[in-house]
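Undergrad: Quick one: sequence and predicted model below, then my questions.
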Protein chains: 2
Amino acid sequence: MPGPAFLRPVTILDRLLGRRLASSEDQQERVSAFAGVAVFGLDGLGSAAYGPEAALTVLIPLGLAGLGFSLPILGLIVVLLAIVYFSYRQTIAAYPTGAGSYTVAKENLGEHAGLLAAVALMIDYALNTAVGISSGVNALISALPVLQPYALWICLLVLALLTYINLRGVRESARVFLPPTALFVLCLGAVVVTGVVKIVLAGGHPQAVSPPPPAPEPQEQANWWLLLRAFAAGCTAMTGVEAVSNGIQAFKEPVIDTARRCLTLIVAILAFLLLGVAFVLPFYHVVATDPGKPGYQSLLSLVTAAIWGRGFLYYVTIASILAVLSLSANTSFADFPRLCQRLAHDGFLPYAFGLRGRRLVFTQGICVLAVVTSALLIIFNGVTDRLIPLFAVGAFATFTLSQAGMVRHGLKGEKRSHVSAFVNGLGACATGGALLVIVVAKFIEGAWLVVIVLPCLYAVMLAIKKHSARIAREIERAPHISLQPSEPPIAVVFVDSWDCVAQKALQAAYTLTPEVEVLHVEREDNEGELSKDWRQVARQSIGEAKLPPPKLVLLKSPYRRVVGLIVEHVWQLERDNPGRLIAVVVPELVDRWYISFLNNQRAAILKTLLLFNGHPRVLIISVPWYLERRTRARRAVRETSWETFPARLDR
Amino acid sequence: MPGPAFLRPVTILDRLLGRRLASSEDQQERVSAFAGVAVFGLDGLGSAAYGPEAALTVLIPLGLAGLGFSLPILGLIVVLLAIVYFSYRQTIAAYPTGAGSYTVAKENLGEHAGLLAAVALMIDYALNTAVGISSGVNALISALPVLQPYALWICLLVLALLTYINLRGVRESARVFLPPTALFVLCLGAVVVTGVVKIVLAGGHPQAVSPPPPAPEPQEQANWWLLLRAFAAGCTAMTGVEAVSNGIQAFKEPVIDTARRCLTLIVAILAFLLLGVAFVLPFYHVVATDPGKPGYQSLLSLVTAAIWGRGFLYYVTIASILAVLSLSANTSFADFPRLCQRLAHDGFLPYAFGLRGRRLVFTQGICVLAVVTSALLIIFNGVTDRLIPLFAVGAFATFTLSQAGMVRHGLKGEKRSHVSAFVNGLGACATGGALLVIVVAKFIEGAWLVVIVLPCLYAVMLAIKKHSARIAREIERAPHISLQPSEPPIAVVFVDSWDCVAQKALQAAYTLTPEVEVLHVEREDNEGELSKDWRQVARQSIGEAKLPPPKLVLLKSPYRRVVGLIVEHVWQLERDNPGRLIAVVVPELVDRWYISFLNNQRAAILKTLLLFNGHPRVLIISVPWYLERRTRARRAVRETSWETFPARLDR
């Protein structure tokens, strides 16, 4: 069907975003467990790149001795990861509608706990996007310093690209992001496997191809607080594990199985990479370097160089790590809008967040995330290191609440299981402990911001819920309707001068009601004009048409007010006519929207004032008059014109 | 009268800007010739501060020998000033409506010449504001370098202050700006008089109290091009002379006499100061210093120090010069809006520029000038030296066009005078010549910008004129109106769910017409809901009320579109019912405006699409439903409620 004029921009959107998808095409848009890794797993897998480094950086003061703790600490993290995995597997089955942590906490710990989890998640996602993009871009810049002045612009470009691809739909984003994900997993897996093989072949003493810098002299003895901080820092390797449970409805049927398989894949790859890296590190004497000092290199860069040397494969691996880091933001784009949709469904966010856009994704959520992220990137000028602790706080608060919820879930219902409750409880304690360590260790570095942002967001969403509940209560679906026959309204036609626009409005008013009042405001520059025209022109024609004569009301305006006077007059009229509707007829000259600002805005101001400060028995009626150039495109329409009118009124 | 709710913000405006003035209070707001100097003269008088300096800076390469040219050059400029004064005196009498140069050029040289003069003037005014403020602030900063980092902010603060005072009305701005103007004139006058007295007492060889730096070695011989450039540069001393002729209507009756007296005052003071300064300079051996080099001091600072020494009086004089420099922008605030008003009157600018605001000044013009100036200040970061040549170009283009117009004016009509035409012609040639020299000399420094900005502005205003002429032609006042009795419209009520809002809309539709269509879009999440409610609730009530049953139209939305479907349906309905009006009834939930963004925007989007892409026979009817909290304040109104309705519908 050839769309009408207003649909024209849609064809541009069609080209840009792809054709509009029918709601019934939902199934085709869903992703498999494998593709799901590229949509929901990039955050989780990306953390394999920075988790071990975060832990080992804390251990730098121990010198070479720190390496002995790499496998135990990362092993412990993998155990915790397993517990969390176990918990989210259950969550997926128990709450297949998605928004996992939020739903679990809400259903089991009450609405406030749920909202807390949701706010923590939202902060987590927004920060994850900013941190992911900027860390990827900053890594790129340390490789190509010539790009330094454009850092922020590159960040915003990556963000725009991510937003764009996500707006094109879930399947599209899976298709685009799968290749870099696969490359990353293959490369890093190959590094680990080669490393292990070399260790075995060399009888436990492999030679580094490109030896890492020597370990610094030990400055400290190992102590519990240091190890605890290393553990807590390493825990960032777990962020992103909750992602699958939030977006279950994006998976192919049977959703629960597919989502679980996807989660298993992500966690298995992540655990393999973490343990593998932790295992090979000591054999090649790779110690973390201080990010704040010259000569810094990322841990994975050192490991890859030690095992493979700095050849072609090294650069491919490093490139894939960079790509996955900046694309890890994609997980947020997949989950944040879905979380918003659940929150909108429960009234915590405006209704619009629950609407699926043309490509069956939640457009509003994606756009809000893009705006928030670009604001963060701009405020921090593309260097978001200071946000990293905050971001881990959000993730671990979510883990803790979610698992605490699953404890209660495990203890109730038919399929109650003490084992499951115990494991979840263990997980809640462990992640809660890690959260505590992170908050204490990173409080000065920025975690205090949580104390400000989290309660604010919480309060705002609670207020929105209250607001929407109040509205729903007030306009509740009518139990029975009681329509009554009633008098026609009193029409008030605002006439500025006696032109075609006014004439059409008056004619329209007469089709609605016989009781018409013509309202005119006399200003300095048009005094007496209308009443003269009125006597000469209007009265006669109205008489000929056998219409009841309208009442002509002339308002003086000593203070040059126009709109205010009209509004006051309308209210007075409403008060004076109890039980009657007052129809305010506003003649409007309509031009193309992009030059409409040149014309008089009085009609628009009048309508806005009447609407927002109006009285209940006042209706606002726009009678548009379309200018010639506008209507020329619609000749076909005009042919079937309002015949009872003079032709020129048909605009 | 206790104003209704929407008027509440007005009381804030009352406090801020003063009470609204009646149009009849116009006379009290007008200014005397004396006060007019503070309103229209600051630009002209301020140029006494930079005119001589501009001329002598060009003469620096001549060394001490340059001083010999100071009196001849400035004398010539004063002669030119006298010619221009003579010309504008006539202009005031001939065109007392104001907008002098524009009106003169338009009436005598045609619309295009008039528009050219207007554009040149507008550029002149906008640049004058920016240059005036920033030069004043920069002078302040060279006195107090600690303020350096806040330069832009101080500029914007001064601009805000000027805008605010001007929005409070002409009389108010005269009251505020008169004291610094008087101080400036007294101080500089006293400097000149003291200087002359000392010269006489010392027999022509006075001793400088604080001697100026020695003149540099001569590097060039005097030549015509150098002297011509010095003359052209010194001509900036004349800018601002046209100001009075643009704002004649701001003067007390008899306007022509008062305006002329004001112009005489300004020109006399200016001529006295220019000649006085030019006369005393050589006796004290004061040579201009290079603004680009260290040790720079303004010429007036050197003269004052030489005559009075650097005591208290010196600092008072310098402070008054700074004040007048940054307040010279006030002339633009007085004239730019008046010029815009004339242009709006002739259709070159939107209608709104012609409306007088609450304090009888042209609010829109003042605000636009403030916005343009702040943009200029921000773009040039508060350092607008590069704009100065441009600004002189605008002023001299205006002079030339205005005087050329007066030549023709002098040759026609009853009171034709060949002498007047000759003097004006002489003036036009002289200012035109100066313009040419300025353009050639300053082309590289920025005058080329005129070549871009001037034609653009010209084209835009011409386009606006064409646009408004087209509209006026299309909606021309109706020669006779022909109203006809016609059928009631078909009302289309958009119902999303069967709540009170929809119910009120349906009831309202029945008061307008018996032919009602209920339109509902079925989405994934509300399928079948409305038709069920419809059968159970609505049909019965409509039957009981003996109203004709509405037609229920259910639209399927496989692509989740809602507004688009409604619009298409309405257009189809219009096509299918030739000669009928279609009244689209839009139920609207109205909240307080500042939280309305939380609610569904569908009604607003629907109204906008229907209006801007609508068809001529479609009316748009808002039926607002007011939420409880909003209406609580209007108990009194509700008591006289729409009695035929259930009470709860009266929102």
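TA: Structure's in. What do you need? Numbers count the residues shown, from 1 in each chain, chains lettered A, B, ... in the order given.

Undergrad: Show me the domain layout of chain A.
TA: For chain A, automatic domain parsing gives the domain ranges A:31-468, A:490-649.

Undergrad: Give me the phi and psi for the residue in the stretch 251-400 of chain A positioned nearest to chain B.
TA: Nearest residue of the stretch 251-400 of chain A to chain B, counting by C-beta to the nearest C-beta: A:Pro350, 5.0 Å away. Where you see a C-beta, it was placed from the backbone N, CA and C, and this is true even at glycine. Dihedral pair for A:Pro350: phi -60, psi 150, per degrees, to the nearest 10.

Undergrad: what separates the nearest residue to it once chain neighbours are set aside from B:Tyr626, distance-wise?
TA: Leaving out its chain neighbours, the residue that sits closest to A:Pro350 by C-beta to C-beta, 6 or more residues apart in numbering or on different chains is B:Leu598, at 5.0 Å. When distance is defined by C-beta to C-beta, to the nearest Å, B:Leu598 is 16 Å away from B:Tyr626.

Undergrad: For those two, indicate the residue with more neighbours.
TA: The residue with more neighbours, out of B:Leu598 and B:Tyr626, is B:Tyr626; 23 against 17, by other C-beta atoms under 10 Å in any protein chain shown.

Undergrad: State the distance from the more buried one to chain A.
TA: Distance from B:Tyr626 to chain A, counting by C-beta to the nearest C-beta, to the nearest Å: 6 Å.

Undergrad: Distance-wise, check that residue relative to A:His615.
TA: In terms of C-beta to C-beta, B:Tyr626 sits 8 Å off from A:His615.

Undergrad: which SS state does A:Val518 fall under?
TA: strand (DSSP: H, G, I helix; E, B strand; the rest coil).

Undergrad: Beta-bridge partners for it, please?
TA: A:Val493, A:Leu552 (DSSP bridges).

Undergrad: For it, give me its contacts.
TA: Applying C-beta atoms under 8 Å, 6 or more residues apart in numbering or on different chains, we find A:Val518 in contact with A:Val493, A:Val495, A:Leu506, A:Trp534, A:Pro550, A:Lys551, A:Leu552, A:Val553.

Undergrad: which among these gets closest to A:Ala344?
TA: A:Ala344 lies nearest to A:Val493 out of the contacts of A:Val518, by C-beta to C-beta, at 41.5 Å.

Undergrad: Is that closest one in contact with A:Lys504, as I believe?
TA: No: if you go by C-beta atoms under 8 Å, A:Val493 and A:Lys504 don't touch, sitting 10.2 Å apart.

Undergrad: any common contacting residues for those two?
TA: With C-beta under 8 Å, 6+ apart as the test, A:Val493 and A:Lys504 both reach A:Pro587.

Undergrad: about what we covered before: now the weakest link among the domains of chain A, please, by mean pLDDT.
TA: With a mean of 79, domain A:490-649 has the lowest mean pLDDT of these.

Undergrad: in the host helix or strand of A:Ala120, what counts as buried?
TA: Taking DSSP states H and E as the definition, A:Ala120 sits inside helix A:111-143. By neighbour count on 16 or more other C-beta atoms under 10 Å in any protein chain shown, the buried set for helix A:111-143 is A:113-141.

Undergrad: Other residues contacting the helix or strand following that helix?
TA: Sequence order places helix A:151-167 as the next helix or strand after helix A:111-143, per DSSP H and E. Here helix A:151-167 makes contact (C-beta under 8 Å, 6+ apart) with A:17, A:129, A:133-134, A:136-138, A:140-141, A:147, A:172-173, A:176-177, A:326-327, A:329-330, A:333-334, A:357, A:359, A:361, A:363, A:366-367, A:369-370, A:373-374, A:377-378, A:381-383.

Undergrad: Only whichever of these are buried, select them in ChimeraX.
TA: Here is the ChimeraX command that selects the buried residues among the contacts of helix A:151-167 (16+ other C-beta under 10 Å):
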select /A:17,129,133,134,136,137,138,140,141,172,173,176,177,326,327,329,330,333,334,357,359,361,363,366,369,370,373,374,377,382
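
Undergrad: give the contact list for A:Leu265.
TA: Counted by C-beta under 8 Å, 6+ apart, A:Leu265 has contacts A:Ala33, A:Phe34, A:Gly36, A:Val37, A:Gly41.

Undergrad: Could you report the neighbour count for the last one?
TA: Read it as A:Gly41. Neighbour tally, A:Gly41, other C-beta under 10 Å: 30.

Undergrad: do the second one as well
TA: Counted with other C-beta under 10 Å, the neighbours of A:Phe34 add up to 15.

Undergrad: now swap in the third one and tell me
TA: Here the neighbour count serves as a burial measure; for A:Gly36 (other C-beta under 10 Å) it reads 29.

Undergrad: Can you say which helix or strand has it in it?
TA: helix A:33-40.

Undergrad: what does that helix contact?
TA: Contacts to helix A:33-40, defined as C-beta under 8 Å, 6+ apart, come from residues A:31, A:45, A:170-171, A:173-175, A:177-178, A:181, A:243-244, A:247, A:250-251, A:258-259, A:261-262, A:265-266, A:269, A:330-331, A:334-335.

Undergrad: Could you do stretch A:105-112 as well?
TA: With C-beta under 8 Å, 6+ apart as the test, stretch A:105-112 has contacts from A:95, A:113-117, A:346, A:401-402, A:404-409.

Undergrad: how about a cut-off of 7 Å?
TA: A:Ala113, A:Gly114, A:Ala117, A:Leu401, A:Ser402, A:Ala404, A:Gly405, A:Arg408, A:His409 (C-beta atoms under 7 Å, 6 or more residues apart in numbering or on different chains).

Undergrad: now the last one, what's its secondary structure?
TA: What it means is A:His409. What three-state DSSP gives for A:His409 is helix.

Undergrad: How many residues are close by the closest residue to it other than its chain neighbours?
TA: Using C-beta to C-beta, 6+ apart and skipping residues adjacent in sequence, the residue nearest A:His409 is A:Asn108, 5.1 Å away. A count of nearby residues for A:Asn108, using other C-beta under 10 Å, gives 22.

Undergrad: Next up, identify which helix or strand A:Asn108 is on.
TA: Going by DSSP H and E, A:Asn108 is part of helix A:100-109.

Undergrad: Which parts of chain A are strands?
TA: In chain A, the strands defined using DSSP state E lie at A:490-494, A:516-522, A:551-556, A:582-590, A:618-626.

Undergrad: Counting by contacts, list what the third one packs against.
TA: Helices and strands touching strand A:551-556, by 3 or more C-beta pairs under 7 Å, 6 or more residues apart in numbering or on different chains; DSSP states H and E, are strand A:516-522.
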